[in-house]
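K.L.:
From the sequence below, what's the structure:
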Amino acid sequence: MKRTVFAGMIICATMLASPVFAADHDLCTIKLQELRDKITTLPATSENTTMEVKRMQASAEAANAANDDKKCITEATQALARVDRLAKEPNP
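P.N.:
Numbering: from 1, shown residues only. Here you go, the predicted model:
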């Protein structure tokens with residue numbers, strides 16, 4: 001009886017944990033796509049700033065390829081924030 005209960009608990013824990021990992025991977029994919037879209041419409045800025053954003057994008061994509069969803073989400077979110085700041089800056 002104890003083994004049956006223990007096996008049931010393991011199965012339940014596995015089923016409950018699976019959507020969490022899928023959600024992180026989906027969020028990573030969504031953030032990367034949003035970043036790709038925003039980079040294509042990036043306003044003319046300094047070359048250093050553009051290269052920094054592209055470096056962050058490459059890092060996020062590498063993390064995604066390595067299945068490191070937390071790093072992917074972090075890098076993509078930081079890059080998106082940088083792109084949003086660039087878009088709000090007045091053009092000279």
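
K.L.:
Beyond the strand or helix carrying Thr49, next helix or strand please.
P.N.:
Thr49 belongs to helix 47-65 when assigned by DSSP states H and E. Using DSSP H and E, the helix or strand that follows helix 47-65 in sequence is helix 69-88.

K.L.:
about what we covered before: so which other helices or strands are in contact with the helix holding Thr49?
P.N.:
Contacts defined by 3 or more C-beta pairs under 8 Å, 6 or more residues apart in numbering; DSSP states H and E place helix 47-65 against helix 2-40, helix 69-88. The C-beta positions use only the backbone N, C-alpha and C, and glycine is treated the same way.

K.L.:
Worst mean pLDDT among those helices?
P.N.:
The weakest mean pLDDT among the helices and strands packed on helix 47-65 belongs to helix 2-40, with a mean of 68.

K.L.:
number of nearby residues for Ala79?
P.N.:
25 (other C-beta atoms under 10 Å).
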